[in-house]
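Visitor: I would like the atomic coordinates for the input below:
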Amino acid sequence: MGMTARQQAIQAIASTYHQLDNLDFRTEHIKDLFGVNVFHEEEQKARLPKPVFKALQKTIKLGVPLDPTVADAVASAMKDWALEHGATHYTHLFQPMTGLTAEKHDSFLTPTGTGGGLAEFSGKELVKGEPDASSFPSGGIRATFEARGYTGWDPTSPAYLRETPNGATLVIPTVFVSWTGEALDKKTPLLRSMEALSTQALRILRLFGNSDAKKVFTTVGPEQEYFLIDKNFLYARPDLLNAGRTLFGAKPPKGQELEDQYFGTIPERVIACMADAEAEMFKLGIPVKTRHNEVAPSQYEIAPIFEDSNLATDHNQLTMDVLRRTAEKYDLVCLMHEKPFAGINGSGKHNNWSMSTDTGENLLNPGDTPHDNAQFLVYCVAVIRAVAKYPELLRVSVASAGNDHRLGANEAPPAIISIFLGDQLQDVMDQLERSDLKSTKQGGFMEVGVSVLPKLPKDAGDRNRTSPFAFTGNKFEFRAVGSSFSISGPNVVLNTIAAESMDFIATKLEADTKGGKPLAKAIQDLLPGILKESKKVVFNGDGYSDEWHKEAEKRGLPNLKNTVDAIPTLIAKSTVDLFAKYKVLSERELNARYTIFCESYVKTVNIEANLMVSMGKTMILPAALRYQGQVATAVNAAKAAGVDATAQVDHLKELTSTLTTFQKALAALEKAHGHHADGTPYDHAKHFRDHVLPKMTDLRTAADTLETMVADDLWPLPTYQEMLFIK
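Guide: Numbering: from 1, shown residues only. Here you go, the predicted model:
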């Protein structure tokens, strides 16, 4: 009785026993789990007629258009497999512009009309569904009263089963388009961009005499960072519950400054949750590989092996879903927000990106002697040119109100897009620019100074955690992606700008070689000029330093510091021309995304401002007033007793002053939030950035000061030291 919600939360955590042995890998081997809930190639081969299986595999692996007659046979086999595993329903899973996934479940059951029922699933039902398109973000493509939209089966991403306590649901990955054919989702542009990249990359391969490869696809391995805290704290924090981040919270006595969290021992409750989540991911065919403590307290990371970027995107969406669902089983909550706690590291999602052929060749693998690897140099220079030409597009692909709290904060790469090449590759590129390719730096071995240890191979270059786009051996790591993001958007941009760059290079090389110039000579004549034009984006130093910001400005690199600065890039003429040329996004689709980005920013900040006002009025202010009353009573009692109360009076004055500052800030936020800008969605976004966000910062500063002054037993909100360190 009389306890605050915060105190009740701590008591509940202390008195709860958690069952941690729900899963035992000693009795169930991971190899027996992997892919059991996926209608994968092996399952397809066993269940489909041979001609149907071959036709489906050609579509999946080579992009051959799917024969409509195949769909019925695939649907029948899918249904039988799903029913054998306890499925009662199927769903078309799609990725609307919310950044999440959406689904509508339909039963396999069809009444016979004679009192019985049959389990049916046709090719027509597999190929196309019709969900309501009016209630998803469309940016004006669909009016509210125009409800029709279509989901379309994506055969390149295998169907799978989602197990529930009551059975299972057959999940079919799909695209989502409007009645008039425009993309209303994140998958459709990704698939288009992959086709565009494949077309242009193959042109270069053909120049090198490679006629075996039929397709080039991008591979992605997204590292996923997240926080786990006890769910009782979530229920006691309206900001975490509704916004996914803490809008108030004083800096704790201990944060991450001791550097004892990173790669530290994983707490038992957390590792039990991780193991359970991984088992579910294994069943779904997600090739998760690593897990570890991240830098901030209660922060963790999971990372998979590389996959085709479409499948990797689907799997990353599933990974986030599985982590959230599994955390609940252990009375934890999984926080995917980019900055759930101020003052400690936020969470990102490193998007490791490369290009491979259907024959298994990694086109960004430099080999042992990259200076002799002309094919690698062409592809690598193409990527460098793409990033140099379109840095604003890469920046807007990672723009959100949440990620604004993280980028450039000495925990994530700066908002200035640059490329880190490392010592070895930088040396090769310098030689190439001088047209004097002769050698490649080698790493050799490290001398550790301990005789019993084997010699450790030394990489030829170090890593750079401050770079937003770093070459890391045989891939580029785009480090600016936010933890809650779908990786589709960043990969749509990467694929498209790389396609344009390879198109440019292929066109030049084709013309030169047709004119009689040897390929080697054509490459030697072309690449140095591209490097000279593009090297402004290459930076191997400290991206956090003030010196780099000044240097980047001298180089003419854009510094789009926040989402509102970045959004206009979506409708710039260069963007419209680029995406239209490669048929990735039409001007209408880009305008829709521009509007959606604006609206999403406004809605996010609007929710947070509402929460701050509500929490300020109903939780923080009452607690502070109670404490003020207690201090005033104590001061009066001391004076009445005739003792010196100077120190207590000073404390009361400081408390009252801070409380007054808080109330003024609360009123100022309420006023700024209550005023709505006229004009376009972009005008509204600018208003929230320029007028509402600063008032939110002022209110937080005053509230966090109060937290350090108000009696602990009166403070209503779980504190940082409690949420981050009580496990």
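Visitor: which parts of the stretch 451-600 of the chain are helices?
Guide: Taking DSSP state H, counting those that start in this stretch, the helices of the stretch 451-600 of the chain run over residues 488-514, 519-534, 546-555, 563-566, 573-581, 587-615.
Visitor: helices or strands next to the second one in the packing?
Guide: In other words, helix 519-534. Judged by 3 or more CB pairs under 8 Å, 6 or more residues apart in numbering; DSSP states H and E, helix 519-534 is in contact with helix 374-389, helix 422-433, helix 488-514. For glycine as for every other residue, the C-beta is placed from the backbone atoms N, C-alpha and C.
Visitor: buried by neighbour count: which residues of it qualify?
Guide: Residues of helix 519-534 classed as buried: 522-523, 526-528, 530-531, 534 (neighbour count, 16 or more other CB atoms under 10 Å).
Visitor: make CSV out of the helices and strands packed on helix 519-534 and add distance to Gly543 and mean neighbour count.
Guide: What follows is these, written out as CSV (distance: least, CB to CB, whole Å; neighbours: other CB atoms under 10 Å):
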stretch, distance to Gly543, mean neighbour count
helix 374-389, 14, 22
helix 422-433, 14, 20
helix 488-514, 18, 22
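Visitor: can I get the ones you listed in CSV including distance to Ala119 and mean pLDDT?
Guide: Output for the helices and strands packed on helix 519-534, formatted as CSV (distance: least, CB to CB, whole Å; pLDDT from 0 to 100):
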stretch, distance to Ala119, mean pLDDT
helix 374-389, 49, 95
helix 422-433, 57, 84
helix 488-514, 34, 97
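Visitor: to Lys251, which of the ones you listed lies closest?
Guide: Across the helices and strands packed on helix 519-534, Lys251 has its closest neighbour in helix 488-514 (31.8 Å, CB to CB).
Visitor: minimum distance to Ser467: which of the helices and strands packed on helix 519-534 has it?
Guide: Closest among the helices and strands packed on helix 519-534, using CB to CB: helix 422-433, at 9.8 Å.
Visitor: ok and that closest one relative to helix 374-389, angle-wise?
Guide: Interaxial angle of helix 422-433 relative to helix 374-389 (axes from the mean of the first three to the mean of the last three CA atoms, to 10 degrees): 100 degrees.
Visitor: helix 422-433: how far from the chain's middle?
Guide: Distance, stretch centre to chain centre, for helix 422-433: 31 Å (CA atoms, centre = their mean, to the nearest Å).
Visitor: what packs against that helix?
Guide: Helices and strands touching helix 422-433, by 3+ CB pairs under 8 Å, 6+ apart, are helix 374-389, strand 469-471, helix 519-534.
Visitor: make CSV from those and add distance to Ala632 to it.
Guide: Output for the helices and strands packed on helix 422-433, formatted as CSV (distance: least, CB to CB, whole Å):
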stretch, distance to Ala632
helix 374-389, 61
strand 469-471, 58
helix 519-534, 67
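Visitor: wait, which of the ones you listed is closest to Glu125?
Guide: Among those, the nearest to Glu125 by CB to CB is helix 374-389 (40.7 Å).
Visitor: next structured bit after that closest one?
Guide: Once the chain leaves helix 374-389, the next helix or strand it forms, by DSSP states H and E, is helix 391-396.
Visitor: what's that following helix packed up against?
Guide: Using 3+ CB pairs under 8 Å, 6+ apart, the elements in contact with helix 391-396 are helix 488-514, helix 563-566.
Visitor: okay, those helices in TSV with distance to Asn316 next?
Guide: Listed next are those as TSV, based on distance: least, CB to CB, whole Å:
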stretch	distance to Asn316
helix 488-514	9
helix 563-566	21
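Visitor: which of the helices of the stretch 451-600 of the chain sits closest to Met429?
Guide: Closest approach to Met429 among those (CB to CB): helix 519-534, 6.0 Å.
Visitor: what's the mean pLDDT across the closest one?
Guide: Helix 519-534 carries an average pLDDT of 94.
Visitor: before we move on, what about stretch 245-262?
Guide: Summarised as a single mean, pLDDT over stretch 245-262 is 88.
Visitor: can you check the distance spanned by that stretch, start to finish?
Guide: Terminal residues of stretch 245-262 lie 21 Å apart, using CA to CA, to the nearest Å.
Visitor: what is the subsequent helix or strand relative to the longest strand anywhere in the chain?
Guide: Using DSSP state E to define each element, the chain has its longest strand at strand 167-178. Next along the chain after strand 167-178, taking DSSP H and E as the criterion, comes helix 187-207.
Visitor: mind checking which of the helices and strands packed on helix 391-396 is nearest Asp212?
Guide: Of all those, helix 488-514 sits nearest to Asp212, with 18.1 Å by CB to CB.
Visitor: tabulate the buried residues of helix 519-534 (JSON lines), appending distance to Pro111.
Guide: Below are the buried residues of helix 519-534 laid out as JSON lines (distance: CB to CB, whole Å):
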{"residue": "Ala522", "distance to Pro111": "68"}
{"residue": "Ile523", "distance to Pro111": "67"}
{"residue": "Leu526", "distance to Pro111": "67"}
{"residue": "Leu527", "distance to Pro111": "67"}
{"residue": "Pro528", "distance to Pro111": "72"}
{"residue": "Ile530", "distance to Pro111": "66"}
{"residue": "Leu531", "distance to Pro111": "68"}
{"residue": "Ser534", "distance to Pro111": "65"}
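Visitor: now, which of the residues you listed sits nearest Ala102?
Guide: Distance to Ala102, by CB to CB, is smallest for Ser534 among these, at 39.9 Å.
Visitor: list the contacts of the closest residue to the closest one other than its chain neighbours.
Guide: Excluding the flanking residues, the one nearest Ser534 by CB to CB, 6 or more residues apart in numbering is Ala388, at 3.7 Å. Applying CB atoms under 8 Å, 6 or more residues apart in numbering, one finds that Ala388 lies in contact with 419, 533-537.
Visitor: relative to His684, how far out is Asp678?
Guide: In this view, Asp678 and His684 are 9 Å apart by CB to CB, to the nearest Å.
Visitor: then Thr174?
Guide: Distance, Thr174 to His684, by CB to CB: 32 Å.
Visitor: between those two, tell me which one has more neighbours.
Guide: Counted by other CB atoms under 10 Å, Thr174 and His684 do not tie: Thr174 has more neighbours, with 27 against 20.
Visitor: shouldn't the more buried one be in contact with Gly149?
Guide: No: Thr174 is beyond contact range of Gly149, at 10.9 Å (criterion: CB atoms under 8 Å).
Visitor: now do stretch 137-147, average pLDDT.
Guide: Here the average pLDDT along stretch 137-147 is 73.
Visitor: and what of stretch 688-700?
Guide: The model assigns stretch 688-700 a mean pLDDT of 97.
Visitor: pLDDT below threshold where in the stretch 51-200 of the chain?
Guide: Within the stretch 51-200 of the chain, the ranges that satisfy pLDDT under 70 run 143-147.
Visitor: which residues of the stretch 51-200 of the chain fall in helices?
Guide: Applying DSSP H, counting those that start in this stretch to the stretch 51-200 of the chain gives helices spanning 70-84, 123-127, 187-207.
Visitor: which one of the helices and strands packed on helix 422-433 lies closest to Leu363?
Guide: Of all the helices and strands packed on helix 422-433, it is helix 374-389 that lies closest to Leu363, at 4.7 Å by CB to CB.
Visitor: for the closest one, C-alpha coordinates in CSV please.
Guide: C-alpha atoms of helix 374-389 as CSV (Å, rounded to 0.1, in the frame of the first residue of the first chain):
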residue,chain,number,x,y,z
ALA,A,374,41.2,-5.8,-62.3
GLN,A,375,37.7,-7.2,-61.9
PHE,A,376,37.6,-6.4,-58.2
LEU,A,377,39.0,-2.9,-58.8
VAL,A,378,36.3,-2.1,-61.4
TYR,A,379,33.5,-3.2,-59.0
CYS,A,380,35.1,-1.5,-56.0
VAL,A,381,35.7,1.8,-57.8
ALA,A,382,32.1,1.6,-59.0
VAL,A,383,30.9,1.5,-55.4
ILE,A,384,33.2,4.4,-54.4
ARG,A,385,31.8,6.5,-57.3
ALA,A,386,28.2,5.6,-56.3
VAL,A,387,28.7,6.8,-52.7
ALA,A,388,30.6,10.0,-53.9
LYS,A,389,27.8,10.8,-56.3
